[in-house]
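Trainee: got a predicted structure plus its sequence, pasted below:
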Amino acid sequence: DAKADWLVEPFRFQKPMPEALADLKAAIASYPPGQRGVDGGGFKLVSESTTTDGTYLYVQFESLRKGYIDDMEFSLTADQVNVRTSSRLGFLDYGVNAKRYNWFAESLGELQGWRTKPIRAKGHEEYFALNGVTNTEVA
C-alpha cells in the first residue's frame, strides 16, 4: 500500500500524560531554527487544546528565504503522540519535513520514558525517492 509510505510511527511514552506534555512543549520551545538547514524563519505554537482524551498542539514553521509555512501537529493520547508534519505548498519538500520530524524524534527519544523512531528510507521509499534524499541527509 503506497499510502503506508507516508505514515509515520507515533512517538510512544511511558509516563503520566502531563509529564509527556511538558516534555513535548519543552522540545517545541527548544527547537533550534535553522537546524539541519531548515526552518530558519522560526516557528510558533499556534494553538493548544485539551479534552478528556488528550491534548492537541499545532505549530507553524517558516523557511528563512521564501517564507514558506509548514504545519506540524502533535496529538497526545494516553501513551502516544501522533505526529503530522506537512508543507502547505507543492508536493515535494526535499526532506524538510523528515528533518523536522527526526529532530523531534531524537530529542524526545533521549528522554526517559520515550520511544521514538526517526524516519528512514526503509518503509518510506516513495518519499525518499521523490524528494531525492537519503538517510544521511535527513539525519
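Mentor: Received the coordinates, thanks.

Trainee: list the contacts for Pro118?
Mentor: By CB atoms under 8 Å, 6 or more residues apart in numbering, Pro118 lies in contact with 101-102, 105-106, 138-139. Bear in mind the C-beta positions are built from the backbone N, C-alpha and C, glycine included.

Trainee: what do you get for Leu45?
Mentor: Taking CB under 8 Å, 6+ apart as the contact definition, Leu45 lies against 25, 28, 57-59.

Trainee: closest one to Lys15 out of those, please.
Mentor: Distance from Lys15 was checked for each of the contacts of Leu45 by CB to CB. The minimum falls on Lys25, at 14.0 Å.

Trainee: and the spatially most central residue of the chain, how far from Asp53?
Mentor: With distances taken as CA atoms, centre = their mean, the residue of the chain nearest its centroid is Tyr101 (3.1 Å). Separation of Tyr101 from Asp53 (CB to CB, to the nearest Å) stands at 23 Å.

Trainee: lowest mean pLDDT among the helices and strands of this structure, which one is it?
Mentor: Least confident helix or strand, the chain: helix 125-131 with a mean of 91, by mean pLDDT, DSSP states H and E.

Trainee: contacting residues around the helix or strand that it is followed by?
Mentor: Toward the C-terminus, helix 125-131 is succeeded by helix 135-138 as the next helix or strand (DSSP states H and E). With contact meaning CB under 8 Å, 6+ apart, helix 135-138 is reached by 36, 95, 98-99, 102, 118-121, 128.
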